[in-house]
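Chemist: Here is my input, please return the structure:
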Amino acid sequence: MPQPAMTRSTHPNDRDAGLSVDAELRAQLEYNRSETLKLMLHDAPINTVLSKIVLDAEEVLPGSLCSILLTSPDGARLTYGVGPHLPAFYNSAVDGAAIAVGNGSCGTAAALGKRIVVEDINTHPYWANYTALTRRAELGSCWSQPIFGPRRTVVGTFGIYHKAACSPTTRDIVVIEHASDLAALAIDRHHAQEELTRYRDHLEQLVAERAATIVCLNRELQHRVEEAQAANRAKGAFLANMSHELRTPLNAVVGLAALLQENATDPVQSQRTERIVTAGRHLLGTIDAILDLSKIDTGKFTLDESPLRIDCIVDNVVAMIRDRAESKDLSLLIDVPKVPYALTGDHVRLQQALLNYVGNAVKFTGQGTITLRVIVQEDTAESMLFRFEVQDTGIGIKPAVMDRLFQSFEQGDQSITRTYGGTGLGLEITRRFAELMGGTAGADSVEGQGSTFWFTARLRKGAEGTLPGPIDLSVTDPAALRAILRRDWAGSRILLAEDEPINAEITRALLESVDLTVETAVTGREAVEKVTSTAPALILMDMQMPELDGIDATRAIRALPGMDRLPIIAMTANAFAEDRALCLDAGMNGFLTKPVLPGRLFAEILARLTAAATS
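Modeler: All right, here's what the predicted structure looks like:
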């Protein structure tokens with residue numbers, strides 16, 4: 001719709017409409033602006049700020065009535081903002097007026113986005129729908145300036161009314177533009193604060209929701225942790241029971257086979273019993289491997305720290321593997337550096353890890369050489385990092401299977417008709433042992449050209465020049481031990497506390513084979529009573545016995561007068577570290593796990609009897 005021509009009239013307070021805006025007005029407007037900005041900076045309510053803008057405009061334009069209308073959130077209407085000197089019924093009537101051309105000066109200005117000047121409300125078509133209202137309010141003219149927000153959107157209008165019909169002067173235009181710009185700043189800041197408040201409230205809600213979620217997740221995690229701990233406890237208890245149940249009959253198998261082998265005169269019978277013993281040892285190794293992995297998983301595995309020598313460990317491994325290597329015409333080469341320091345670590349696990357590698361090398365090498373190499377990778381004031389390598393000229397490994405070699409039960413060939421046996425546990429155990437000793441493990445291989453398996457381990461270092469004596473970790477020759485026991489300890493009284501008849505029979509036969517005198521007790525209480533009547537030279541104590549278990553029986557024996565140095569050796573199917581700790585804490589001197597091979601049993605008895613005699 002074209003804008004109608006303005007109806008001109010004389011402004012009641014305009015003495016010279018052509019005069020330029022003087023410096024006094026500019027100064028007043030700047031002062032009003034600074035005071036309004038102070039209100040904003042002090043977070044005054046929006047109505048307070050807008051009311052000041054309107055009142056300041058009315059002050060510099062005497063006779064004017066000013067108001068501010070705000071755009072509704074949907075952008076379709078104008079809502080009442082402030083109009084302190086306009087009649088209340090008028091403000092109420094225009095609240096919610098539609099934004100449209102022809103709907104008053106303010107509705108049209110908001111719709112067109114430009115200033116609308118109506119010099120005579122009573123005759124202008126924009127006000128045709130409000131004639132009765134404006135006459136009641138005694139309003140004659142209205143000039144409306146759009147208030148622009150960000151991106152030139154209309155956020156409201158600033159209106160100046162006069163009671164008489166009149167046209168705006170330059171002063172009026174300056175004031176209305178100044179007021180609308182200041183109102184735009186106030187409204188924009190208010191909208192920003194509202195948005196910030198909404199965002200903060202939303203953020204607080206999100207934080208509260210996230211906090212509640214975290215609490216729920218923590219509860220669930222705690223529940224899962226408790227379930228996992230319970231599962232680990234159940235697993236540990238199951239493994240302990242399974243260890244006992246497997247080792248007890250295995251002790252009978254290996255022990256009886258060893259006795260048959262010793263007395264066998266027929267070569268075929270001797271060969272068959274030897275195979276039984278070999279199979280029993282293999283089965284024992286598998287059980288030990290599974291238990292070791294399980295103890296590591298449940299956090300119950302602990303390393304034993306004791307003096308060791310690298311060269312002795314390597315010599316022991318070579319001694320145990322030499323016969324198998326020579327049977328395949330394989331050459332064994334050793335490259336071990338001299339270490340001038342006393343070292344401390346777990347020699348049993350080091351030897352086991354190295355033996356796993358060397359055993360595999362012999363298994364998978366048809367001809368050629370196996371090299372066992374030790375390299376010092378790091379030497380600090382407190383420790384040394386060693387790299388143990390076993391290099392072979394065997395079949396090698398395909399690249400596709402290298403990544404899964406060091407995982408439980410994994411092998412390079414998993415087919416049913418695989419040529420090579422094994423459980424696939426050795427490499428995983430070696431890796432776990434290496435990690436427990438501050439190192440890692442890996443392999444390099446070329447298919448058809450051989451492999452190099454390696455692991456690293458950190459060993460604590462002592463003083464230079466204080467090397468321990470040679471440590472023989474291999475299985476001691478049973479025949480040599482028998483000869484020493486018969487010579488030095490024949491007739492010595494041994495108390496065997498064992499409630500399982502077959503195990504008692506086997507152990508008795510082994511002890512009597514070296515001319516030791518054996519007395520048995522089938523309960524812990526009976527063992528204590530027999531020690532009270534006549535003290536033996538040594539006790540072999542089972543952990544699990546009726547009436548009084550081996551732990552309590554040992555404590556009772558140690559409480560007897562003069563029994564503080566009596567050698568007591570645990571001989572049990574309980575193979576966990578905590579079982580060993582319980583036995584040693586109760587006062588036992590040694591710890592043997594079933595099945596006990598003759599050489600190991602004789603070596604432990606000889607060591608304890610000798611120690612007791614020299615103490």
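Chemist: From T430, how far out is E447?
Modeler: 22 Å (Cβ to Cβ, to the nearest Å). In this view, the C-beta of every residue, glycine as well, is placed from N, C-alpha and C.
Chemist: actually L221, not the one I typed
Modeler: Distance of L221 to T430, given as Cβ to Cβ: 33 Å.
Chemist: G107 too?
Modeler: Using Cβ to Cβ, G107 is found at 87 Å from T430.
Chemist: residues near the residue lying closest to T365 once chain neighbours are set aside, how many?
Modeler: Counting by Cβ to Cβ, 6 or more residues apart in numbering, G394 is the residue found nearest to T365 once chain neighbours are left out, at 3.5 Å. For G394, the number of neighbouring residues by other Cβ atoms under 10 Å comes to 22.
Chemist: OK, contacts around G394?
Modeler: G394 makes contact with 361, 364-366, 368, 450-451, according to Cβ atoms under 8 Å, 6 or more residues apart in numbering.
Chemist: can you check A97 too?
Modeler: Listed by Cβ under 8 Å, 6+ apart, the contact set of A97 reads 69, 77-78, 103-104, 106-107.
Chemist: hang on, isn't G491 packed against V518?
Modeler: No: taking Cβ atoms under 8 Å as the contact criterion, G491 and V518 are not neighbours in contact, 11.2 Å apart.
Chemist: The two: who's more crowded?
Modeler: Applying other Cβ under 10 Å to G491 and V518 shows that V518 carries more neighbours, namely 18 against 9.
Chemist: wait, is the more buried one part of a helix?
Modeler: No: following the definition DSSP: H, G, I helix; E, B strand; the rest coil, V518 is strand and is not counted among the residues of a helix.
Chemist: Who does it form a beta bridge with?
Modeler: Assessed by DSSP bridges, V518 has beta-bridge partners I494.
Chemist: any idea how far it lies from L538?
Modeler: 11 Å.
Chemist: Name the residues contacting each of the two.
Modeler: Counting by Cβ under 8 Å, 6+ apart, the residues touching both V518 and L538 are I494.
Chemist: Tell me where the stretch 51-200 of the chain has helices.
Modeler: If you assign secondary structure with DSSP state H, counting those that start in this stretch, the helices in the stretch 51-200 of the chain sit at 88-94, 104-112, 131-137, 170-263.
Chemist: nearest to E59, of those?
Modeler: Taking Cβ to Cβ as the criterion, helix 170-263 is the member of the helices of the stretch 51-200 of the chain that comes nearest to E59, at 9.9 Å.
Chemist: taking the mean pLDDT, what do you get for the closest one?
Modeler: Taken as a whole, helix 170-263 has an average pLDDT of 83.
Chemist: now swap in stretch 495-505 and tell me
Modeler: Mean pLDDT, computed over stretch 495-505, is 90.
Chemist: which outside residues touch it?
Modeler: Residues outside stretch 495-505 that contact it (Cβ under 8 Å, 6+ apart): 248, 251-252, 255-256, 507-508, 511, 518-524, 526-527, 530-531, 536, 538-542, 544-546, 550, 553, 571, 594.
Chemist: buried ones in that stretch?
Modeler: By neighbour count on 16 or more other Cβ atoms under 10 Å, the buried set for stretch 495-505 is 495-500, 503-505.
Chemist: related to what we said a few turns ago, which one of the contacts of A97 is nearest to L182?
Modeler: Distance to L182 across these (Cβ to Cβ) is lowest for L69, with 15.6 Å.
Chemist: From G255, how far out is the closest residue in space to L259 that isn't next to it in sequence?
Modeler: For L259, the nearest residue in space outside its immediate sequence neighbours is A509; the separation is 5.4 Å by Cβ to Cβ, 6+ apart. Here the criterion is Cβ to Cβ. By it, A509 lies 8 Å from G255.
Chemist: likewise V101?
Modeler: Distance of V101 to G255, given as Cβ to Cβ: 111 Å.
Chemist: Which one's more surrounded, those two?
Modeler: Neighbour count, other Cβ under 10 Å: between V101 and G255, G255 has more, with 25 against 14.
Chemist: filter the contacts of stretch 495-505 to the buried ones?
Modeler: 248, 251-252, 255-256, 507-508, 511, 518, 520-524, 526-527, 530-531, 536, 538-542, 545, 550, 553, 571, 594.
Chemist: Cross those residues against helices and list the overlap.
Modeler: When the buried ones among the contacts of stretch 495-505 are checked against helices using DSSP state H, the ones located there are 248, 251-252, 255-256, 507-508, 511, 524, 526-527, 530-531, 550, 553.
Chemist: And those residues, which is closest to L303?
Modeler: The nearest one, if we look at those relative to L303 and count by Cβ to Cβ, is G550, at 25.2 Å.
Chemist: Got the confidence number for that closest one?
Modeler: The predicted structure lists G550 with a pLDDT of 92.
Chemist: before we move on, back to that, can you classify the residue nearest to T365 as helix, strand or coil?
Modeler: Assignment for G394 (three-state DSSP): coil.
Chemist: distance of it from L37?
Modeler: Between G394 and L37 the distance, using Cβ to Cβ, works out to 87 Å.
Chemist: Also L343?
Modeler: Taken as Cβ to Cβ, the spacing of L343 relative to L37 amounts to 79 Å.
Chemist: Which one's more surrounded, those two?
Modeler: Remark: of L343 and L37, L343 carries more neighbours, 21 against 15, as counted by other Cβ under 10 Å.
Chemist: model confidence over the helix or strand harbouring the more buried one, on average?
Modeler: Taking DSSP states H and E as the definition, L343 sits inside strand 341-345. Mean pLDDT, strand 341-345: 85.
Chemist: what lines up beside the longest strand along the chain in the sheet?
Modeler: In terms of residue count, the longest strand belonging to the chain (DSSP state E) is strand 450-464. Next to strand 450-464 in the sheet, as set by DSSP bridges, lie strand 341-345 (antiparallel), strand 383-392 (antiparallel), strand 441-446 (antiparallel).
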